[in-house]
Structures are given as C-alpha cells and as structure tokens.
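J.: pasting the sequence and the predicted model now:
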Amino acid sequence: MDASIEGDGEVTAVGDQVAEAPRPAVPATAPARDAAAARARLWRTVSVRLARAQRTVQRTVQSHLSSSLTRRIVVLNLGGLVALLAGFLYLNQFREGLIDARVQSLQTQGEIIAAAVAASATVDTDAISIDPEKLLKLAPGESASDADGSPLEFSLNPERVGPLLRRLVSPTRLRARIYDRDGFLLLDSRSVSGRSNILRFELPPASGPPTTFDASSFLERSLEFVQRLSHRPELPLYEDIGMGNGKAYPEVGSALGGHIHSVVRANARGETIISVAVPVQRYRSVRGALLLSTMGGDIDAVIVTERWGIIRIFLVSAGVMLLISLFFTNTITEPMRRLAEAAERVRRGVKSRQEIPDFSDRPDEIGHLSGALRDMTKALYNRIDAIEHFAADVAHELKNPLTSLRSAVETLPIAKTEESRDRLLAVIKHDVGRLDRLISDISDASRLDAELARADMDVVDLSAALSTVVDLARAVERGDGVTIQLTVRSSPYDATRSRWRVLGNDSRLGQVFNNLIDNGRSFSKPGGVVRVLLWPERAKGPGGQQVEGFEIIVDDDGPGIPDGAFERIFERFYTDRPEQGFGQNSGLGLSISRQIIEAHGGRVRALNRTRAHPQGTDVPLPGDAVLGARFVVWLPSAR
C-alpha cells in the first residue's frame, strides 16, 4: 500500500483506496487534572518522606557501624554464641550415642527377624529340588512337584523367606539381605516389591544442573561437606557388592560363624550406614545370615534435623543478641560520642561557652565522666575568667603608678623651686617602689598555680612549721612592740606531735602563715599581741562527711574588718589601710594565701571578734564593739 501526505495533514492510502485522518486528542477535564495533580503531590510527599527516613536510617547505621567499640561489643557477644553453635553443630557425643542406640535396635530387630526366618523358612532336609525350566512354565498359583532334574540346594527356602521378609522389614526403612551358609545372596528386601516379587532397582539421580536455587538444599550440602571434613574420614567406606559373596562383608562372615557383628561405615556421599549381621540358626545349626543395614542418610537426617533446630534457635538468639548489643552500645557509644563532640567544641569554641552534656544522673562510669568533664570545663572557664580579670586588674594597678610617674617626670623640668623638684623626685621614687612591689607580687601570683601543680606534696608538720615562722617573725624587730604568741592545743586523745601532719608544700604554707601574721601585726596597736593557735578540728568534706583536720587561728587586737568586706579582702589588689600611705601595699597577700590554702584542699575565712561573739563572726550586730580580726585556716590531715 502506498501513502501520500496531503496539504491538510491527512494521510491517504493510495492503492487500497483507504484514507484515514488522525483523531483529535480529547481534552482532559478539570477534575481529572486536579486528581492527577493531587496524586503527583502525594507521590512527591511520600517520596520525600521515604528519602528522609532512608537517610536517617542510613546515618544511624553508619554512626553505629563506624564505632569500633560497637563492632567490638557485637563481635564479642556474637563470638561466644557462634562458638556455642559450632559446638552444638559438631554433635559428636550426640552422634555417637545415636549410633550406639541404633546398633542396639538393629541387633534386637535382627535377632527377631532371624528367629522368625529360622522358624518358618528353613529346610529340614537341607536340600530342595527346583527345576528352573519348570518354574518358568508354571501358571500363577501352581506349585512345582518334585521330579527328576538337577537339584539346587538351599539352606533357607526363598519362597518362604520373601513374603516374611517383606512383612517384617518394609515398615522399618531397613535393608535386609539373606545369605545362605555359603555366603550367596538369597534375597534382598530392596529388590522385592509387592506380592508378585517384582524386582526393583533405584535409578541414579539425574546429572543435569538444577534449574532453581534451593537455599535449604544448599545449606544441607554445605553441612554434608562439613560433615565429610569433620566426621567421615574416620569411618570405613561402604561399598555395595550387589550379588557378590556376602563373606566380603566381615560382619556376614562373623554371623556365618555364629556371632552377631555390627559395623559402622560411610558411603561415598558421607552418609552413615550401620550394618548388623545376625546368624540364622535352627537347633544351633547356622543355616545362613541376616544382614540388616540402615538406608543412607537415616542417621544423618536425625542429626540434620537437630542441627536445623539449633540453627533456628541460633538465628533467633543472634537477632536478640544483636539487638541487645546495639542497645547496650547505644547506651555507651552515643553518650561517649556526644561528650567527645562537646569536648571538641570546647576546644574550638573561642567566642562562646560550650555546654557539656549532663549524664551525671547515670550511676556508672559515663555519668562520672560527664560530671568530671563538666567540672573540668567549669574550672577551665573560671580560670579563663580569672585570667581575664587578673589581666584587667594588673593593667589597672600598673596604670595608676605609671600615670603618676609620667606626670611627675613631665612636671619635673618646669619645676621652679628646689622644694618642688624634691617633692616630684619623692613621688617618682615612691611610684618606682610601688611598681617594683606590684611586679614582684604579680609575678609571684601568676606563677603560683604552675608551681603548686608541679610541686610534690610532702608530709608537713604544722607545729614545726608554725614554730619556725613565729620564731622568724619574732626575730624581725619593727619597733612597734608587738609580740607574737603561739599555742599548740592537743585534744585529750591526741597528745603526740606526730598528729600535726598535713600533705602540702612547706614553703608555700609558711608563706601563708607569714602573710597572716604580718597582716595581724600591721593592724595591731603598738605593744599589742598577735595570737596564733593550732588545734585539731573536724570539718565537713565535699560529700558532707566529717574529715579530720587542723585549724590555725590568727587573732589581732586591731580595728577589725569593715562590714561587708569579709570576702572582698581576699580579692586581688584590694587594700583598706587608711592610716597608711597610698600605694604601700599591693593587696595580693590575702588573695595569694587563699589560693595556696585551697590548692591544699583547705579553706580560709575572715571574722571579727566582738563582745557578743568573742569566737568570731562575719555578721556582727549593730553597735557591737569589735575586739579585733580573726583569720581561720583549716587544712585536712594527712592519711
């Protein structure tokens, strides 16, 4: 058929005289378009959600599998289970017990069958005459009569043995063979079928490749291969001799000698075959032998069944173990990962304060680690704040004398009188001395933490240390007439000096005691007394428990501490000495003292002794006369 295209776009078939124009498309209605758009939106929404869920699951799996701790826990948990599975699959004892039980069963069945054969199928005359030609000519149901011919001698009557053997053996899935006294095969239950004694033989399996993949058969073949590697080499190979002489089997030879004998073998496929030979006797005369043997794979089928049950239990146990391992690792690796990420953020975060996740409510090592990291981070931030404040305070304290020094130096050239120049030189000298004290104290304070961290803590005898400091303070004559008294008060149960021992740095503790004594001496009136007392005292530790320790109390008879300044006096560069000239003290002595005491695990506080509270208080009553200041230092005893 020829076709041509006309001007209006129609296609005309020339030759068959058939012309057909294309049908115009039917426009879709508005509801159909809306429904299609709604389905498209729904599909896009579902696709997006599925993609998100897939990414979430993928990230979760990757985060778990990327953790070496997770892999170790899973491998260790499943490793024991796999080892247990391997031991169960080996089933050596179970297999041996099953074989022994099977041998005993075959011997019992063999004795029963042999007794039945001997009672009903033996030939008393020890010879029967059978004409093979006549046997072929007999009609069904017709019996052969004794006639002249070549006699065939049998110790057992095959015509009686066949039906009897079939009835006794067919329900048992056993193979029974009857051999006469000379070892010739009379009957084989595998070759006898039905009432007509039809001989049947098993065909070999098809050699063609399998058309489908069977997972169970694959696993069975794998198990058979493992069996051949692990069990079968120790068993002799079973070979079917067919119509050969039965004496080739040692158990048949032993049975023809009047003994029951059993042998366990393995065929070429690795399947276990048990053979038991029982003599057929009548009046203690051996007429033949009965050989009972299991079919190939009977024993192995029981073992395979048991193994499949064990494998199913293993798969369920492995799944449960895997879920438990993942849950267990999730309770470990996830908090550890979050803590590690938070620590990394703290390391990188220079503009903002990073928070460590709080797992302190967990009563395990992760909870302890979280609490320790939070405390460490808090201490780090506090240290950063302290450094910032310290730098600001240092800059401020150094700027004041430098400003004064600069003004004096600039004014000195234009001073008109000698008195003015001397006054300016005194100011310069005072400011230089003040700078020297500030720089020395700042240097001491800045390296204090590092020295305390590097220094080894030794056992320090507080009574000896205080005695040395007091003796040195007494040796320094300041012309103020202030005396220093030291009292060491032991408890009734603690009279020996060996009890005044703490762990610490003796030079730094001596610095604290010297600062407190000098501070009390500087506020005392001429001829006053600074009293130092050492005695044992218990205090509450970090956990609220009572801790053995010692208190060192330094009292003076000065004006006391101003209200509201009981804590401020321990701040850096704080000083309140109206009676002394400006710039005579750096204000770092008490701050350094508190820093040293806290580094030794102790604490120091300031009180005022008043008439209402002669033992000291930091909340004095209005109008209560102040007797002097008291500084109390507590240090834990050495254990």
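T.: Happy to help now that I have it. Residues are numbered from 1 along each chain as shown.
J.: what about the residue nearest to the spatial centre of the chain, which helix or strand?
T.: Nearest to the mean C-alpha position of the chain, counting by C-alpha atoms, centre = their mean, stands residue 73 at 4.6 Å. Taking DSSP states H and E as the criterion, residue 73 maps to helix 68-90.
J.: buried set for the following helix or strand past that helix?
T.: Using DSSP H and E, the next helix or strand after helix 68-90 towards the C-terminus is helix 92-120. Under the neighbour-count criterion of 16 or more other C-beta atoms under 10 Å, helix 92-120 has 95, 98-99, 102-103, 105-107, 109-110, 113-114, 116-118 buried. All C-beta spots, glycine's among them, are computed from the backbone N, C-alpha and C.
J.: tell me the pLDDT at the closest residue to residue 469 other than its chain neighbours?
T.: Spatial nearest neighbour of residue 469, chain neighbours left out: residue 513 (4.5 Å); criterion: C-beta to C-beta, 6 or more residues apart in numbering. Predicted confidence (pLDDT) at residue 513: the value is 92.
J.: coming back round to it: pLDDT check: weakest of the buried residues of helix 92-120?
T.: residue 95 (70).
J.: give me the distance between that residue and residue 83.
T.: To residue 83, residue 95 is 19 Å away according to C-beta to C-beta, to the nearest Å.
J.: ditto for residue 118
T.: Counting by C-beta to C-beta - residue 118 and residue 83 are separated by 53 Å.
J.: then residue 270?
T.: 24 Å.
J.: those two - which one has more neighbours?
T.: Between residue 270 and residue 83, residue 270 has the larger neighbour count (other C-beta atoms under 10 Å), namely 20 against 10.
J.: surely the more buried one is in a strand?
T.: No. Counting by DSSP: H, G, I helix; E, B strand; the rest coil, residue 270 falls outside a strand, being coil.
J.: let's see the pLDDT reported for it.
T.: Value for residue 270, per-residue pLDDT: 76.
J.: got it, and residue 215?
T.: Here the pLDDT value assigned to residue 215 is 50.
J.: buried residues in stretch 526-536?
T.: 528, 529, 530, 531, 532, 533, 534, 536.
J.: name the SS class of residue 531, please.
T.: On the three-state scheme (three-state DSSP), residue 531 is labelled strand.
J.: do the same with residue 615
T.: At residue 615 the chain is in coil, as set by three-state DSSP.
J.: next one: the one 5 residues further on
T.: When classified by three-state DSSP, residue 620 comes out as coil.
J.: got a list of what it touches?
T.: 563, 608, 610, 612, 613, 626 (C-beta atoms under 8 Å, 6 or more residues apart in numbering).
J.: how close does it get to residue 603?
T.: Distance from residue 620 to residue 603, by C-beta to C-beta: 21 Å.
J.: same deal with residue 479?
T.: Computed as C-beta to C-beta, the residue 479 to residue 603 distance reads 35 Å.
J.: ditto for residue 634
T.: 6 Å.
J.: between these two, which one's more packed in?
T.: Ranked by neighbour count (other C-beta under 10 Å), residue 634 and residue 603 place residue 634 first, with 19 against 14.
J.: so the more buried one sits in a strand?
T.: Yes. Remark: residue 634 belongs to a strand, assigned using three-state DSSP.
J.: wait, it sits on residue 549?
T.: Yes. The pair residue 634 / residue 549 is scored as a contact, 5.5 Å apart, by C-beta atoms under 8 Å.
J.: quick one, phi/psi of residue 619?
T.: For residue 619, the backbone dihedrals (degrees, to the nearest 10) come out as phi -130, psi 80.
J.: so that it lines up with my notes, have the first residue be 464 from now on.
T.: Right, with 464 as the first residue, what we last looked at is residue 1082.
J.: what's the neighbour count on it?
T.: Residue 1082: 9 neighbours (other C-beta under 10 Å).
J.: check what pLDDT it gets.
T.: Looking at residue 1082, its pLDDT reads 86.
J.: distance check, it against residue 868.
T.: From residue 1082 across to residue 868, the span is 42 Å (C-beta to C-beta).
J.: and residue 710, by the same measure?
T.: According to C-beta to C-beta, residue 710 stands 129 Å off from residue 868.
J.: how about residue 727?
T.: For residue 727, the distance to residue 868 - C-beta to C-beta - is 111 Å.
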